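**Q** Predicted model, plus sequence, below.
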Amino acid sequence: MRIYDDQSKRVRTSVTLFLSPDEASELADRARALADDPRQHHSHLNDATYEREITVAVYTRDNFAQFDAESRAVIGDP
């Protein structure tokens, strides 16, 4: 697991998400879809105003090359 703050370009050790029930359900659905098919490699979840976004990514040895250089550096050796 890597928690990456793309604005500060720093890896974090923890994050707290405050989600509505609908947002939590959508995040769970997107995470399940990624787990079932890692070829998709990432998904974005936005709030209703599109002011906030969660990006969830699943990395494997098979899809590692699909990530950009910055993401590959954060992930390290999958």
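**A** It's in.

**Q** so who does E53 touch?
**A** When contacts are counted by C-beta atoms under 8 Å, 6 or more residues apart in numbering, E53 touches H44, L45, N46, D47. Just so you know, the C-beta spots here come from the backbone N, C-alpha and C atoms, and that holds for glycine as well.

**Q** any idea how far S8 is from it?
**A** With distances defined as C-beta to C-beta, to the nearest Å, the gap from E53 to S8 amounts to 16 Å.

**Q** ditto for D47
**A** For D47, the distance to S8 under the criterion C-beta to C-beta works out to 21 Å.

**Q** Of the two, which one has the most company?
**A** When D47 and S8 are compared for neighbours, D47 comes out ahead with 12 against 8, by other C-beta atoms under 10 Å.

**Q** which residue is nearest the centroid of this structure?
**A** Compute the mean C-alpha point of the chain, and by C-alpha atoms, centre = their mean the closest residue is V56, 1.7 Å away.
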